[in-house]
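**Student:** 3D, please:
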Amino acid sequence: MLDILLKGYDELEEGVLITDICSHPVFLNKSFKKIWHIPEDITNLNKSITVNSILSGQILDPNPIQVIIDKIYDNPHIVYYQQIHLKEDITIKMISSPLYDDNNKLMGRLWQFIDITDSLNIIYSLKNSEELFRIIFNLIPEGIAISEIKTGKFYKVNTNFTHWWGYTQEEVVGKSAIDLNFWVDLKQRENIISILKNNGIFEKIPIKLRNKTGEIRDVLLSGKEIIIDKNSYMLSIPYDITDLIQYREKIISLASFIELSPDPIFEFDKFGTITMSNEASHTIMNKITGSDDISKFIPFEIDEILSAIINEEDKSFFREITLNNCVFLENIYTNSRFKTARVYVNDITLRKKAEEDLLKKNDDLAAAFEELLSAEEELKKNYKILLSNERALRESENRLSLIISHIPGILVTIDTENKVTGLYGTALSKLGLSMNQGIGKNLREIFKNTDESIIKAYSDALIGIKSTFEGKYNDRYIILYTEPLIDYNEEIIGTMGIAFDITDKKLLEKERNEILIQLEPCTEHF
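**Tutor:** Presented below is the predicted three-dimensional model:
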């Protein structure tokens, strides 16, 4: 039976060490040897080896191990938890608990060592990735949004969304753009969703959207399909071109009033010679180059335009030219009647810069999402490991619960408000109690006529004082051991007390003393 039990320990992923009551090792499983760099073929464990001698060489600060051993020496029945750090940047969760034989006699201790380094690293990495995404997401000046592709419901919007569209995050999350009457033409949405499903991305599609006040805005919409928790979402970035379109329409409306136009307008003939220009052409050219030579506005590669003039064709052309870091969009129309080409020049420097910034921000956001998705994949990869660790922990807790429930006395735990959190032990039936009866009640409510020294022993443990008390309860002699319960942050969260009935022992001692008193005269005489 013991061989089967040890073989089972040997196959566990967590490190397992079993010691005798003097803290000398009697069994090391494979995982324990791997963690502490102990050769696999070591089987000879002599009495000179101790827990401290095995562990101290690998731990950054070996003092906690000696503290644990001292506490175990004072109270061999203690269950102790400790997080320790190895020299190889490995974090170990250690659990030390007593082992009992079938007669509930202490026979040694079980030490468990669980590597939680990867779990901690995953948590830190995920937090950093989420924080990076949050910063980039909210820094983008456009009112961007993440919405479900299937339902159209908003999942998240950035902090600038309110500035652009008038809705707060609380007003839109959980609702769709259709619910909020965003779309002026639903066919535009259907077209975008179709492109997104086919290509996974779309760029600068002209649409019209309605803000909270009902104002209709012209937008160039870009977007990309992303996956969050296995669901498909659309990340959309709108670029508002309403003002730009209105400005362009104004230019067209003023086309008949060339001289009133604030933008350069000029014409050239089939030879490329300028035949007409407005005042703005000269003013802007002087401002940019310091020269009055407006022929610099004529774009390169105009053979196709000249050919249309010669062939008396009415055609439209669009060109971009750059002069001293200023970018201009030129709308060129050939007129068969006058055999000229008229050029309308529009300064798009700011728009080009905005487009470049938008593309860069879009790339940054995509990169942030890639990091987030990568972290998610890493989390999924380690999920099975976490589940395995949790199962092992539950098994350990079950074994501990089995041991506690068979204590030949009474074990009582309380919280910092003196309310009972646990009640165990085979001696409960002698008091007419059952396991965990009265959880949440005050200690005095469960144990009537409790001696004040017992209450004091529990209260002292809440301030870190361990104590051993010997007294009476309901005409029975008891011995009580109390000490504080400490969590992983080394903070006291309650008190644990174990009481044993020593009435029979006391009666035997009393009888022995009486016999010794009776024998004393005989001894002197002899």
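
**Student:** For the longest strand along the chain, which strands pair with it and how are they oriented?
**Tutor:** Looking across the chain with DSSP state E, the single longest strand is strand 216-228. Here strand 216-228 has these sheet partners by DSSP bridges: strand 201-210 (antiparallel), strand 231-240 (antiparallel).

**Student:** what domains does the record give for the protein?
**Tutor:** The chain resolves into domains spanning 2-115, 123-239+353-381, 245-347, 407-508 when parsed by automatic domain parsing.

**Student:** The last one: end-to-end distance?
**Tutor:** In this case it means domain 407-508. Taking Cα to Cα, to the nearest Å, domain 407-508 runs 23 Å from one end to the other.

**Student:** Report the distance from that domain to the chain centre.
**Tutor:** 40 Å (Cα atoms, centre = their mean, to the nearest Å).

**Student:** Can you tell me which of the strands paired with strand 216-228 is most buried?
**Tutor:** Mean neighbour count, computed with mean count of other Cβ atoms under 10 Å, is highest for strand 231-240 among the strands paired with strand 216-228, reaching a mean of 19. To be clear about C-beta, it is placed using only N, CA and C from the backbone, and glycine gets the same treatment.

**Student:** pLDDT of that one, averaged?
**Tutor:** Strand 231-240 comes out with an average pLDDT of 86.

**Student:** Please apply the same query to stretch 463-478.
**Tutor:** 83.

**Student:** what do you get for stretch 283-301?
**Tutor:** 85.

**Student:** Compare the domains of the chain and say which comes out lowest on pLDDT.
**Tutor:** Per-stretch mean pLDDT for those is lowest at domain 2-115 (a mean of 76).

**Student:** starting at the chain centroid, how far to that domain?
**Tutor:** 32 Å.

**Student:** all helices for the stretch 101-250 of the chain, in order.
**Tutor:** 117-139, 161-165, 169-172, 186-199, 242-253 (DSSP state H, counting those that start in this stretch).

**Student:** next one: the stretch 351-500 of the chain
**Tutor:** 443-446, 452-461.

**Student:** what's the closest of those to Arg342?
**Tutor:** Arg342 lies closest, by Cβ to Cβ, to one member of those: helix 452-461, at 95.0 Å.

**Student:** Can you give me the buried ones in the closest one?
**Tutor:** Residues Ile454, Ala457, Tyr458, Asp460, Ala461 are the ones in helix 452-461 that count as buried (16 or more other Cβ atoms under 10 Å).

**Student:** now those in JSON lines, with distance to Lys208?
**Tutor:** As requested, the buried residues of helix 452-461 are exported to JSON lines (distance: Cβ to Cβ, whole Å):
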{"residue": "Ile454", "distance to Lys208": "79"}
{"residue": "Ala457", "distance to Lys208": "78"}
{"residue": "Tyr458", "distance to Lys208": "73"}
{"residue": "Asp460", "distance to Lys208": "75"}
{"residue": "Ala461", "distance to Lys208": "72"}
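
**Student:** and which of the residues you listed is nearest Asp293?
**Tutor:** For the buried residues of helix 452-461, the nearest to Asp293 is Ala461 (94.5 Å; Cβ to Cβ).

**Student:** give the contact list for the closest one.
**Tutor:** Applying Cβ atoms under 8 Å, 6 or more residues apart in numbering, we find Ala461 in contact with Ser467, Thr482, Glu483, Pro484, Thr495, Met496, Gly497.

**Student:** Just the buried residues of these.
**Tutor:** Looks like these have Thr482, Glu483, Pro484, Thr495, Met496, Gly497 buried, using 16+ other Cβ under 10 Å.
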